[in-house]
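K.L.:
just need the structure, nothing else, for what follows:
(one chain, ligands or ions: 2)
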Amino acid sequence: MSDLGIVISLEGSPSTAQFSFVIDPKNGNGVRKGQYIQTKSEDGVLFGYVNEIVRANRYFERAESIAEYERMGKIEHNFPVSSWEYMIAEVRILGTYNEGRISRSSIPPYPGSKVAEADEDMLRKFLGFDENTGLEIGNLLHHELKAKLNLTKLLQKHLAILAMSGAGKSHLMSVLIEELLERNKESGRVAVVVIDIHGEYSGFRHDKNYGTKTKVVEGKSISFPFRKLSPNTISEWFPEMSIAGKSLLSKIIKEMKREAKDARKDFTLKDLNERLNTYPAKENIKDPIRRVMGELRGIHLITRRENPKLRDDVKAGNMLVFDLSDLDNMKKKRMIVSYIAKALFNLRKKEKIPPFLLVVEEAHNFATEKMDKYSNISKSIIEKIAREGRKFGACLCLISQRPVNLSTTALSQCNTHIILRVTNPNDLQHIGESSEGIDGRMLRSITSLQVGEGIIVGEAVKCPIFVGIRDRKSKKREKGRPLEQQALDFEETNEKKSRDVEAFL
Ligand SMILES: Nc1ncnc2c1ncn2[C@@H]1O[C@H](COP(=O)(O)OP(=O)(O)OP(=O)(O)O)[C@@H](O)[C@H]1O
Ligand SMILES: [Mg+2]
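P.N.:
Ligands and ions are numbered 1, 2, ... in the order given. Next comes the predicted model:
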């Protein structure tokens, strides 16, 4: 391994937190911001990453001399300017590695110590990658090293993927899904359930490798039987009901559930309405219940049929996609998310389904920080899984382009954050406050990330890392055709129509 440079002595550096090295003009050409390097101290091998690179040249320090030299002709013709140029890399120290053990650095490196590229084997251990069964999401930026994240560390305490629109969140999720579907039984595989708002994951169904492991359910065909709704859920869905209304409804439903269980039969919304009509209660309490039940019927979510059957369709190493792109009604989408999340969590607690990962795209719409009238519909269960899920193997992945609007409770329970490009200052500030371990400099570099690059912070890695997300292997569903193509198609179809009409006449 060639030396990249030599540690220099500056005011306040080297310290136990940082040092600088002058980059070797021959071997150090490839040193880049974000790269990992190593040097030695008394305690062992010291690891760090290049925080910043500064270029300097004595010849160009003073404006008046540059102007004077230029008057005499080109400065580089009269002086050996290029041989006076040098670069200094500033390094943030991450820790010390000694015989397999990682500790905080407690002594600085010597000025004059040699700096080398970080040894990949040590780096892997140092960053906490799982070489054998980790999920390979891409490469450590500026290194050949594959970023393989341990399943438990990444998912058990929940994951948040945050970035602006178009930065590659869904792409990254697809890469993670590929890794999850490819796992073998021995490595431990979870079931994946995706709340797919734009129909981006249905392409997996047609893929030769993942098709057999994917089931897609379209929004309009989702339905749940009435008997599976708890009075509590209905109260959450219709917060406008009075307390008296809620408690009467709850009483009737509990009665009907008991009877149905004894008689081993089902009951429907219609049965409830009939019971309500004859129930001894005041009409002014019954009326709002009738209105709510009418609205529930109008939403076309509650039928006798159960589609999908979560108990059968949530399978280890498989994916169930709820494609909600054919639905417009936000309240209905929230109801679906609420029902599914509750059902999954309950089934998992009873060990009726395998450990699962529930992926929620556009999570800020389902667990909204600001309270509006209906935001609680799905928020409370998402927050509950975020708080309690880890004990049961109920994992969440929240994806959002508006982290500011995402429930702080839910976000703060996501112990790993993968952040792709973000430019909005409000979102950036929020990310800085909610992602542990991100410093100001890192925060600034989030604005200059390219599509497909990201920062991982939290549980899944021992220290924040920059990654380049790999290409996806699976089929991507084309959602956005270029505008030119759409416009051309429209005009051509219209022209054809009028030609057809003319021919007909
Ligand atoms: N790592 C990557 N490698 C190659 N292409 C990528 C990568 N990440 C994203 N892309 C491409 O960039 C485009 C936008 O990505 P994607 O749809 O994942 O963004 P998004 O953050 O989910 O956006 P939105 O907020 O609109 O949902 C897509 O065409 C995708 O294929
Ligand atoms: Mg997306």
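
K.L.:
next, work out how far apart Val404 and Gly458 are.
P.N.:
Between Val404 and Gly458 the computed distance is 19 Å (CB to CB, to the nearest Å). Yep, even glycine has a C-beta here, placed from its N, CA and C like the rest.

K.L.:
which of the two has more neighbours?
P.N.:
Neighbour totals were compared for Val404 and Gly458, and Gly458 leads with 21 against 17 (other CB atoms under 10 Å).

K.L.:
from Asn307, how far out is that one?
P.N.:
Counting by CB to CB, the gap from Gly458 to Asn307 is 36 Å.

K.L.:
so what's Arg55 up against?
P.N.:
Arg55 is in contact with Glu85, Tyr86, Met87, counting by CB atoms under 8 Å, 6 or more residues apart in numbering.

K.L.:
by neighbour count, which of those wins?
P.N.:
Within the contacts of Arg55, neighbour counts (other CB under 10 Å) peak at Met87, which reaches 18 neighbours.

K.L.:
about what we covered before: ok, so of the contacts of Arg55, who is nearest Ile465?
P.N.:
Using CB to CB, Met87 is the member of these that lies nearest Ile465, at 23.4 Å.

K.L.:
my read: the closest one touches Ile53, true?
P.N.:
Yes: with contacts counted by CB atoms under 8 Å, Met87 reaches Ile53, the gap being 5.8 Å.

K.L.:
what's the overlap in contacts for those two?
P.N.:
Residues touching both Met87 and Ile53 (CB under 8 Å, 6+ apart) are Ile23, Val31.

K.L.:
what about Pro109, how many residues nearby?
P.N.:
Neighbour number of Pro109 under other CB under 10 Å is 25.

K.L.:
quick check, Val457 in a strand?
P.N.:
Yes: per DSSP: H, G, I helix; E, B strand; the rest coil, Val457 lies within a strand segment.

K.L.:
what residues are up against it?
P.N.:
Residues counted as contacts of Val457 (CB under 8 Å, 6+ apart) are Thr416, His417, Ile419, Ser435, Glu436, Gly437, Ile438, Pro464.

K.L.:
residues touching the closest residue to ligand 2 within the stretch 251-400 of the chain, list them.
P.N.:
Using CB to the ion, the single residue of the stretch 251-400 of the chain nearest to ligand 2 is Glu361, 6.3 Å away. Residues in contact with Glu361 (CB under 8 Å, 6+ apart) are Lys169, Ser170, Met173, Val194, Ile195, Asp196, Ile197, His198, Glu200, Ile399.

K.L.:
measure it to ligand 1 for me?
P.N.:
Separation of Glu361 from ligand 1 (CB to the nearest ligand atom, to the nearest Å) stands at 7 Å.

K.L.:
can you pull the phi/psi pair for that residue?
P.N.:
The phi/psi pair for Glu361 (degrees, to the nearest 10) reads phi -80, psi 150.

K.L.:
which SSE is the residue most central in space within the chain in?
P.N.:
By CA atoms, centre = their mean, the mean C-alpha position of the chain lies nearest to Ile161, the distance being 2.0 Å. Here Ile161 is covered by strand 159-162, with elements defined by DSSP states H and E.

K.L.:
mind checking what helix or strand follows that strand in sequence?
P.N.:
Next along the chain after strand 159-162, taking DSSP H and E as the criterion, comes helix 169-182.

K.L.:
that next one near ligand 2 anywhere?
P.N.:
Yes: judged by CB under 5 Å from the ion, helix 169-182 and ligand 2 are in contact via Lys169, Ser170.

K.L.:
same question for stretch 439-452.
P.N.:
No: Stretch 439-452 is not in contact with ligand 2 by CB under 5 Å from the ion; minimum separation 11.9 Å.

K.L.:
and that stretch, what's buried?
P.N.:
Within stretch 439-452, the residues scored as buried using 16 or more other CB atoms under 10 Å are Met442, Leu443, Ser445, Ile446, Leu449, Gly452.

K.L.:
now Val45: closest residue in space that isn't a chain neighbour?
P.N.:
Among residues not flanking Val45 along the chain, Tyr97 sits closest, at 4.6 Å (CB to CB, 6 or more residues apart in numbering).

K.L.:
bridging residues for that neighbour?
P.N.:
With DSSP bridges applied, Tyr97 shows beta-bridge pairing to Val45, Ile102.

K.L.:
how far does the lowest-mean-pLDDT helix or strand in the chain sit from its chain's centre?
P.N.:
Lowest on mean pLDDT, DSSP states H and E among the helices and strands of the chain sits helix 75-78, with a mean of 80. Relative to its chain's centre, helix 75-78 lies at 54 Å (CA atoms, centre = their mean, to the nearest Å).

K.L.:
same question for stretch 118-130.
P.N.:
The gap between where stretch 118-130 is centred and where its chain is centred comes out at 23 Å by CA atoms, centre = their mean.

K.L.:
now stretch 228-244
P.N.:
31 Å.

K.L.:
if you count neighbours, what's buried in that stretch?
P.N.:
Neighbour counts over stretch 228-244 (16+ other CB under 10 Å) mark Leu229, Pro231, Thr233, Ile234, Ser235, Glu236, Trp237, Phe238, Met241 as buried.

K.L.:
contact partners for the residue in the stretch 351-500 of the chain positioned nearest to ligand 1?
P.N.:
Going by CB to the nearest ligand atom, ligand 1 is nearest to Gly452 of the stretch 351-500 of the chain, at 2.8 Å. Neighbour list for Gly452: Gly138, Gly168, His171, Leu420, Gly468, Ile469 [criterion: CB under 8 Å, 6+ apart].

K.L.:
again, only this time at 7 Å
P.N.:
Going by CB atoms under 7 Å, 6 or more residues apart in numbering, Gly452 touches Gly168, Gly468, Ile469.

K.L.:
start to end distance for stretch 180-198?
P.N.:
Stretch 180-198 has its terminal residues 21 Å apart, counting by CA to CA, to the nearest Å.

K.L.:
show the average pLDDT along that stretch.
P.N.:
Mean pLDDT, computed over stretch 180-198, is 96.

K.L.:
for it, buried residues please.
P.N.:
For stretch 180-198, a neighbour-count test (16+ other CB under 10 Å) marks 180-183, 189-197 as buried.

K.L.:
go through those residues and say which is closest to ligand 2.
P.N.:
The closest of the buried residues of stretch 180-198 to ligand 2 turns out to be Ile197 (CB to the ion; 8.3 Å).

K.L.:
is that closest one in contact with Val360, as I believe?
P.N.:
No: applying CB atoms under 7 Å as the test, Ile197 and Val360 come out as separate, 8.9 Å apart.

K.L.:
show me what the helix or strand harbouring Ile252 is packed up against.
P.N.:
Element membership for Ile252 (DSSP H and E) is helix 243-263. Identification of packing neighbours for helix 243-263 by 3 or more CB pairs under 7 Å, 6 or more residues apart in numbering; DSSP states H and E yields helix 231-237, helix 269-278, helix 283-298.

K.L.:
and it, C-alpha only, in CSV?
P.N.:
In CSV, the C-alpha atoms belonging to helix 243-263 read as follows (Å, rounded to 0.1, in the frame of the first residue of the first chain):
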residue,chain,number,x,y,z
ILE,A,243,-68.3,9.9,22.8
ALA,A,244,-71.8,8.6,23.3
GLY,A,245,-71.9,7.5,19.6
LYS,A,246,-68.5,5.7,19.9
SER,A,247,-69.5,3.9,23.1
LEU,A,248,-72.9,2.8,21.7
LEU,A,249,-71.3,1.5,18.5
SER,A,250,-68.6,-0.3,20.5
LYS,A,251,-71.3,-1.9,22.7
ILE,A,252,-73.3,-3.2,19.7
ILE,A,253,-70.2,-4.4,17.8
LYS,A,254,-69.0,-6.3,20.8
GLU,A,255,-72.4,-7.9,21.3
MET,A,256,-72.5,-8.9,17.6
LYS,A,257,-69.0,-10.3,17.7
ARG,A,258,-69.9,-12.5,20.7
GLU,A,259,-73.0,-13.8,19.1
ALA,A,260,-71.3,-14.4,15.8
LYS,A,261,-68.5,-16.3,17.5
ASP,A,262,-71.0,-18.5,19.4
ALA,A,263,-73.0,-19.2,16.3
